[in-house]
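*Asks:* test case, fold it:
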Amino acid sequence: MRTAQVCQYPSARAAQSSPVPTTASLTSTAAPSYSLPAVNLGKDWASATAGVSVGLAKGVTGLVSFTGQLGQDKVTTYGGQVGLNVAF
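*Replies:* Have a look, this model is predicted:
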């Protein structure tokens, strides 16, 4: 069974601070369309990632990184990653 989704995106003239209705529907099966509010995100924003990796032993590397996005209206995102890589 194949499904496809069609979305109608808001125009670029919509206000950035108000939710914009988005409508989706399935085209390969009988199902009603649905709408929900979506955020119209700004066009000027920044994303940055900083991290470090350290060799802990032969074939073993530890890593730590931090990611952030900022500059969007009413949206700020932070995240991090901690990992251990082992070569076999």
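*Asks:* now do the strands in the chain.
*Replies:* Counting by DSSP state E, the chain has strands at residues 5-8, 20-26, 34-38, 46-57, 60-72, 75-86.
*Asks:* least confident of these, on average?
*Replies:* When the strands of the chain are ranked by mean pLDDT, strand 5-8 comes last with a mean of 44.
*Asks:* show me the domain layout of this structure.
*Replies:* With domains defined by automatic domain parsing, the chain comprises 5-38, 46-86.
*Asks:* spatially central, which residue of this protein would that be?
*Replies:* Ranked by distance to the mean C-alpha position of the chain (CA atoms, centre = their mean), the top residue is Thr77 at 9.5 Å.
*Asks:* hmm, that residue is touching Phe66, no?
*Replies:* No - with contacts counted by CB atoms under 8 Å, Thr77 stays clear of Phe66, the gap being 11.5 Å. Where you see a C-beta, it was placed from the backbone N, CA and C, and this is true even at glycine.
*Asks:* what's near enough to touch the nearest residue to Gln69 once chain neighbours are set aside?
*Replies:* Take Gln69 and drop its neighbours on the chain: the residue closest to it by CB to CB, 6 or more residues apart in numbering is Thr77, 4.2 Å away. Thr77 sits next to Thr67, Gly68, Gln69, Leu70 when contact means CB atoms under 8 Å, 6 or more residues apart in numbering.
*Asks:* measure the residue in the chain sticking out farthest from the centre to Ala87 for me?
*Replies:* Distance from the C-alpha centroid of the chain, by CA atoms, centre = their mean, peaks at Lys58 (35.5 Å). According to CB to CB, to the nearest Å, Lys58 stands 8 Å off from Ala87.
*Asks:* Ala46 too?
*Replies:* Relative to Ala87, Ala46 is positioned 35 Å away (CB to CB).
*Asks:* swap in Asp73?
*Replies:* 44 Å.
*Asks:* next one: Tyr34
*Replies:* For Tyr34, the distance to Ala87 - CB to CB - is 48 Å.
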